[in-house]
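K.L.:
generate a structure from the sequence data that follows.
(one chain, ligands or ions: 1)
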Amino acid sequence: MAVGVFDSGLGGLTVLDALQRRLPDTPFVYFGDNAHTPYGTRDAEDIFHLTCAGVTRLWDEGCDLVLLACNTASAAALRRMQESWVPAEKRVLGVFVPLIEALTERQWGDNSPPREVAVKHVALFATPATVQSRAFQRELAFRAIGVDVEAQPCGGLVDAIEQGDMILAEALVHSHVEALHRRMPRPQAAMLGCTHYPLMEDAFRAALGPDVAVYSQPDLVAASLDDYLTRRPQMRGPGTESDYLTTGDPIAVGQKATLFLRRKLPFRAA
Ligand code: DGL
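P.N.:
Below is the predicted model of the structure:
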(Lines give C-alpha, C1' and ligand atoms only; values in the text may rest on other atoms or scores of the structure.)
Protein backbone atom coordinates (compact mmCIF):
# COMPACT_ATOMS: atom_id res chain seq x y z
CA MET A 1 0.00 0.00 0.00
CA ALA A 2 2.69 2.47 0.92
CA VAL A 3 6.07 2.86 2.55
CA GLY A 4 6.04 1.84 6.22
CA VAL A 5 7.71 4.05 8.82
CA PHE A 6 8.34 2.39 12.18
CA ASP A 7 9.26 4.03 15.45
CA SER A 8 9.13 3.12 19.12
CA GLY A 9 6.82 6.10 19.61
CA LEU A 10 6.82 9.68 18.45
CA GLY A 11 10.45 10.43 17.57
CA GLY A 12 10.09 8.96 14.09
CA LEU A 13 7.68 11.78 13.29
CA THR A 14 10.69 14.09 12.82
CA VAL A 15 11.75 11.73 10.02
CA LEU A 16 8.21 11.33 8.67
CA ASP A 17 7.91 15.11 8.42
CA ALA A 18 11.06 15.31 6.27
CA LEU A 19 9.86 12.35 4.17
CA GLN A 20 6.48 13.96 3.51
CA ARG A 21 8.13 17.25 2.54
CA ARG A 22 10.62 15.57 0.22
CA LEU A 23 8.21 12.97 -1.25
CA PRO A 24 4.78 14.66 -1.13
CA ASP A 25 3.19 12.14 -3.53
CA THR A 26 4.34 9.05 -1.63
CA PRO A 27 1.87 7.59 0.89
CA PHE A 28 3.37 6.49 4.20
CA VAL A 29 1.98 4.29 6.96
CA TYR A 30 3.45 5.37 10.29
CA PHE A 31 3.54 2.89 13.18
CA GLY A 32 4.37 4.18 16.66
CA ASP A 33 4.81 1.55 19.36
CA ASN A 34 3.73 4.01 22.04
CA ALA A 35 2.54 1.23 24.37
CA HIS A 36 6.16 0.07 24.72
CA THR A 37 8.11 3.30 24.39
CA PRO A 38 10.88 4.08 25.27
CA TYR A 39 13.04 1.41 23.64
CA GLY A 40 16.24 3.19 24.60
CA THR A 41 16.41 1.61 28.04
CA ARG A 42 15.41 -1.94 26.91
CA ASP A 43 17.74 -4.82 26.11
CA ALA A 44 18.53 -5.93 22.56
CA GLU A 45 16.37 -9.07 22.72
CA ASP A 46 13.33 -7.09 23.75
CA ILE A 47 13.95 -4.44 21.08
CA PHE A 48 14.31 -7.15 18.41
CA HIS A 49 10.96 -8.77 19.25
CA LEU A 50 9.07 -5.49 19.57
CA THR A 51 10.51 -4.20 16.29
CA CYS A 52 9.65 -7.43 14.45
CA ALA A 53 6.07 -7.20 15.75
CA GLY A 54 5.72 -3.60 14.53
CA VAL A 55 7.24 -4.34 11.13
CA THR A 56 4.92 -7.35 10.73
CA ARG A 57 1.97 -5.04 11.38
CA LEU A 58 3.24 -2.72 8.62
CA TRP A 59 3.62 -5.66 6.24
CA ASP A 60 -0.04 -6.50 7.02
CA GLU A 61 -0.85 -2.98 5.77
CA GLY A 62 0.86 -3.85 2.48
CA CYS A 63 4.12 -1.98 3.13
CA ASP A 64 6.79 -4.19 1.54
CA LEU A 65 9.38 -1.53 2.34
CA VAL A 66 9.68 -0.43 5.97
CA LEU A 67 12.01 2.25 7.26
CA LEU A 68 13.01 1.94 10.91
CA ALA A 69 12.81 5.64 11.82
CA CYS A 70 14.29 4.77 15.18
CA ASN A 71 18.01 4.62 15.88
CA THR A 72 17.54 2.30 18.82
CA ALA A 73 15.74 -0.31 16.67
CA SER A 74 18.17 0.28 13.78
CA ALA A 75 21.13 -0.20 16.11
CA ALA A 76 19.91 -3.05 18.29
CA ALA A 77 17.72 -5.09 15.91
CA LEU A 78 18.14 -4.28 12.20
CA ARG A 79 21.21 -6.37 11.41
CA ARG A 80 19.70 -9.46 13.08
CA MET A 81 16.40 -8.86 11.26
CA GLN A 82 18.11 -8.56 7.88
CA GLU A 83 20.27 -11.61 8.45
CA SER A 84 17.66 -13.98 9.85
CA TRP A 85 14.13 -12.69 9.58
CA VAL A 86 13.22 -10.42 6.62
CA PRO A 87 11.82 -12.46 3.66
CA ALA A 88 13.41 -11.99 0.24
CA GLU A 89 10.57 -9.92 -1.23
CA LYS A 90 10.50 -7.38 1.62
CA ARG A 91 12.97 -4.70 2.66
CA VAL A 92 13.70 -3.10 6.04
CA LEU A 93 16.03 -0.09 6.09
CA GLY A 94 17.47 1.87 9.00
CA VAL A 95 18.43 5.46 9.73
CA PHE A 96 22.09 5.01 10.70
CA VAL A 97 23.61 4.42 7.30
CA PRO A 98 22.49 7.75 5.70
CA LEU A 99 24.07 9.57 8.66
CA ILE A 100 27.34 7.69 8.29
CA GLU A 101 27.36 8.10 4.51
CA ALA A 102 27.01 11.86 4.99
CA LEU A 103 29.85 11.89 7.51
CA THR A 104 32.12 9.81 5.28
CA GLU A 105 31.02 11.61 2.08
CA ARG A 106 29.91 8.40 0.39
CA GLN A 107 27.15 7.77 -2.12
CA TRP A 108 24.55 5.10 -1.33
CA GLY A 109 25.78 1.64 -2.28
CA ASP A 110 29.46 2.67 -2.42
CA ASN A 111 30.95 -0.51 -0.96
CA SER A 112 34.58 0.31 -1.64
CA PRO A 113 37.02 -0.44 1.21
CA PRO A 114 37.18 1.89 4.21
CA ARG A 115 39.31 4.97 3.67
CA GLU A 116 40.58 8.04 5.53
CA VAL A 117 38.04 10.84 5.84
CA ALA A 118 38.38 14.49 6.79
CA VAL A 119 36.72 14.16 10.20
CA LYS A 120 38.78 12.44 12.90
CA HIS A 121 36.92 13.12 16.15
CA VAL A 122 33.20 12.37 16.23
CA ALA A 123 30.72 12.66 19.09
CA LEU A 124 27.62 10.44 19.02
CA PHE A 125 24.60 11.41 21.12
CA ALA A 126 22.06 8.58 21.40
CA THR A 127 19.94 6.46 23.72
CA PRO A 128 21.67 4.07 26.15
CA ALA A 129 20.64 1.03 24.02
CA THR A 130 22.02 2.58 20.82
CA VAL A 131 25.32 3.43 22.53
CA GLN A 132 25.56 -0.04 24.03
CA SER A 133 25.01 -1.73 20.64
CA ARG A 134 28.13 -0.07 19.15
CA ALA A 135 26.31 -0.28 15.79
CA PHE A 136 27.45 3.23 14.84
CA GLN A 137 31.12 2.33 15.30
CA ARG A 138 30.58 -0.95 13.40
CA GLU A 139 28.91 0.73 10.40
CA LEU A 140 31.49 3.51 10.42
CA ALA A 141 34.37 0.99 10.42
CA PHE A 142 33.02 -0.45 7.12
CA ARG A 143 33.49 2.96 5.51
CA ALA A 144 36.23 4.92 7.27
CA ILE A 145 39.52 4.39 9.07
CA GLY A 146 41.15 6.43 11.79
CA VAL A 147 37.98 8.01 13.19
CA ASP A 148 37.77 8.33 16.94
CA VAL A 149 34.14 8.04 18.16
CA GLU A 150 33.04 9.04 21.65
CA ALA A 151 29.44 8.05 22.38
CA GLN A 152 27.32 9.78 25.00
CA PRO A 153 24.21 7.94 26.26
CA CYS A 154 21.67 10.71 26.82
CA GLY A 155 19.65 9.23 29.68
CA GLY A 156 16.36 11.01 30.38
CA LEU A 157 16.31 13.12 27.23
CA VAL A 158 13.66 11.14 25.32
CA ASP A 159 11.34 11.15 28.34
CA ALA A 160 11.74 14.91 28.88
CA ILE A 161 10.96 15.59 25.19
CA GLU A 162 7.95 13.24 25.20
CA GLN A 163 6.63 15.00 28.31
CA GLY A 164 7.02 18.34 26.55
CA ASP A 165 9.36 19.53 29.32
CA MET A 166 11.72 21.51 27.10
CA ILE A 167 13.41 23.27 30.03
CA LEU A 168 14.48 19.93 31.48
CA ALA A 169 15.38 18.68 27.97
CA GLU A 170 17.63 21.70 27.39
CA ALA A 171 19.34 21.23 30.77
CA LEU A 172 19.92 17.55 29.93
CA VAL A 173 21.43 18.44 26.54
CA HIS A 174 23.89 20.78 28.26
CA SER A 175 24.87 18.23 30.90
CA HIS A 176 25.30 15.44 28.30
CA VAL A 177 27.46 17.70 26.12
CA GLU A 178 29.52 18.61 29.19
CA ALA A 179 29.98 14.90 30.00
CA LEU A 180 31.07 14.26 26.40
CA HIS A 181 33.52 17.18 26.52
CA ARG A 182 35.22 15.67 29.56
CA ARG A 183 36.14 12.65 27.39
CA MET A 184 36.48 14.39 24.01
CA PRO A 185 37.21 18.10 24.50
CA ARG A 186 37.22 19.03 20.81
CA PRO A 187 34.89 16.95 18.61
CA GLN A 188 34.82 18.06 14.96
CA ALA A 189 31.40 16.57 14.27
CA ALA A 190 28.40 15.58 16.36
CA MET A 191 25.84 12.98 15.32
CA LEU A 192 22.33 13.37 16.69
CA GLY A 193 21.67 9.64 16.76
CA CYS A 194 18.10 9.60 18.05
CA THR A 195 15.03 10.68 16.14
CA HIS A 196 13.84 12.80 19.08
CA TYR A 197 16.95 14.96 19.13
CA PRO A 198 16.24 17.09 16.04
CA LEU A 199 13.73 18.85 18.31
CA MET A 200 16.72 19.87 20.48
CA GLU A 201 19.07 20.67 17.61
CA ASP A 202 19.43 24.34 18.58
CA ALA A 203 20.33 23.37 22.16
CA PHE A 204 22.93 20.87 20.92
CA ARG A 205 24.41 23.49 18.57
CA ALA A 206 24.54 26.09 21.36
CA ALA A 207 26.20 23.67 23.80
CA LEU A 208 28.69 22.35 21.23
CA GLY A 209 29.69 25.72 19.82
CA PRO A 210 30.07 27.00 16.26
CA ASP A 211 33.09 24.88 15.28
CA VAL A 212 31.28 21.55 15.51
CA ALA A 213 29.40 20.24 12.46
CA VAL A 214 26.08 18.88 13.71
CA TYR A 215 24.50 16.06 11.64
CA SER A 216 20.76 15.71 12.04
CA GLN A 217 18.97 12.79 10.44
CA PRO A 218 15.58 13.74 8.99
CA ASP A 219 16.71 15.47 5.78
CA LEU A 220 19.59 13.03 5.23
CA VAL A 221 17.24 10.05 5.60
CA ALA A 222 14.64 11.63 3.30
CA ALA A 223 17.24 12.25 0.60
CA SER A 224 18.46 8.68 0.94
CA LEU A 225 14.95 7.19 0.71
CA ASP A 226 14.19 9.39 -2.31
CA ASP A 227 17.29 7.98 -3.99
CA TYR A 228 16.32 4.41 -3.02
CA LEU A 229 12.78 4.77 -4.41
CA THR A 230 14.10 6.25 -7.66
CA ARG A 231 16.16 3.11 -8.12
CA ARG A 232 13.40 0.75 -6.91
CA PRO A 233 10.07 2.44 -7.73
CA GLN A 234 8.16 -0.83 -7.25
CA MET A 235 8.84 -0.58 -3.47
CA ARG A 236 6.68 2.56 -3.30
CA GLY A 237 3.53 0.43 -3.58
CA PRO A 238 0.16 1.38 -5.07
CA GLY A 239 -1.34 3.23 -2.06
CA THR A 240 -2.63 6.81 -2.19
CA GLU A 241 -3.30 7.86 1.41
CA SER A 242 -1.03 8.12 4.44
CA ASP A 243 -2.14 6.40 7.62
CA TYR A 244 -1.05 6.61 11.27
CA LEU A 245 -1.10 3.62 13.62
CA THR A 246 -0.26 3.42 17.30
CA THR A 247 -0.22 0.70 19.94
CA GLY A 248 -1.02 3.46 22.48
CA ASP A 249 -4.10 5.62 22.99
CA PRO A 250 -4.80 7.14 19.54
CA ILE A 251 -6.26 10.38 20.93
CA ALA A 252 -3.42 11.06 23.37
CA VAL A 253 -0.81 10.10 20.78
CA GLY A 254 -2.45 12.30 18.12
CA GLN A 255 -2.34 15.25 20.52
CA LYS A 256 1.30 14.65 21.44
CA ALA A 257 2.16 14.43 17.74
CA THR A 258 1.50 18.18 17.49
CA LEU A 259 4.64 18.72 19.59
CA PHE A 260 6.67 17.00 16.89
CA LEU A 261 4.90 18.17 13.74
CA ARG A 262 2.87 21.24 14.73
CA ARG A 263 -0.12 19.57 13.08
CA LYS A 264 -2.64 17.01 14.29
CA LEU A 265 -2.43 13.48 12.93
CA PRO A 266 -5.40 11.12 12.81
CA PHE A 267 -3.88 8.16 14.66
CA ARG A 268 -5.85 4.92 14.91
CA ALA A 269 -5.32 1.82 17.02
CA ALA A 270 -2.81 -0.61 15.50
N1 DGL B 1 13.20 7.15 18.61
C2 DGL B 1 14.21 6.41 19.30
C3 DGL B 1 15.58 6.55 18.63
O4 DGL B 1 15.72 7.15 17.56
C5 DGL B 1 14.35 6.80 20.75
C6 DGL B 1 13.15 6.64 21.59
C7 DGL B 1 13.14 5.45 22.51
O8 DGL B 1 14.00 5.32 23.39
O9 DGL B 1 12.25 4.64 22.31
O10 DGL B 1 16.55 6.04 19.14
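
K.L.:
okay, CA-based contacts and neighbour counts for the rest of this
P.N.:
Noted.

K.L.:
what's the burial count for residue 72?
P.N.:
36 (other CA atoms under 10 Å).

K.L.:
that one contacts residue 132, doesn't it?
P.N.:
No: counting by CA atoms under 8 Å, residue 72 stays clear of residue 132, with 9.8 Å between them.

K.L.:
near the ligand, which residues of the stretch 151-270 of the chain show up?
P.N.:
Counting by CA under 6 Å from any ligand atom, the positions of the stretch 151-270 of the chain adjacent to the ligand are 158, 194, 195, 196.

K.L.:
tell me the pLDDT at the third one?
P.N.:
The predicted local confidence for residue 195 comes out at a pLDDT of 95.

K.L.:
relative to residue 125, how far out is it?
P.N.:
Note on residue 195: its distance to residue 125, by CA to CA, to the nearest Å, is 11 Å.

K.L.:
could you do the first one as well?
P.N.:
Relative to residue 125, residue 158 is positioned 12 Å away (criterion: CA to CA).

K.L.:
chain center to stretch 225-240: distance?
P.N.:
Its chain's average C-alpha position is 19 Å from that of stretch 225-240, according to CA atoms, centre = their mean, to the nearest Å.

K.L.:
and it, what's buried?
P.N.:
By 16 or more other CA atoms under 10 Å, the buried positions in stretch 225-240 come out as 225, 226, 229, 235, 236, 237.

K.L.:
could you confirm the third one falls within a helix?
P.N.:
Meaning residue 229. Yes: read with DSSP: H, G, I helix; E, B strand; the rest coil, residue 229 is one of the residues of a helix.

K.L.:
that one and residue 236 touch, don't they?
P.N.:
Yes: judged on CA under 8 Å, residue 229 makes contact with residue 236 at a distance of 6.6 Å.

K.L.:
show me what contacts the residue of the stretch 101-250 of the chain found nearest the ligand?
P.N.:
Taking CA to the nearest ligand atom as the measure, the stretch 101-250 of the chain has residue 194 as its residue closest to the ligand, at 3.5 Å. Residue 194 is in contact with 11, 70, 71, 72, 125, 126, 127, counting by CA atoms under 8 Å, 6 or more residues apart in numbering.

K.L.:
phi, psi of it?
P.N.:
Residue 194 adopts backbone torsions of phi -150, psi 140, taken as degrees, to the nearest 10.

K.L.:
would you agree residue 193 is in contact with residue 125?
P.N.:
Yes: using CA under 8 Å, residue 193 is in contact with residue 125, at 5.5 Å.

K.L.:
these two: which has the busier surroundings?
P.N.:
residue 193 (29 against 24).

K.L.:
and the nearest residue to that one once chain neighbours are set aside, what does it touch?
P.N.:
Counting by CA to CA, 6 or more residues apart in numbering, the nearest residue to residue 193 once its immediate chain neighbours are dropped is residue 126, at 4.8 Å. For residue 126, the contact set (CA under 8 Å, 6+ apart) comprises 71, 151, 152, 153, 154, 192, 193, 194.

K.L.:
cool, thanks, signing off.
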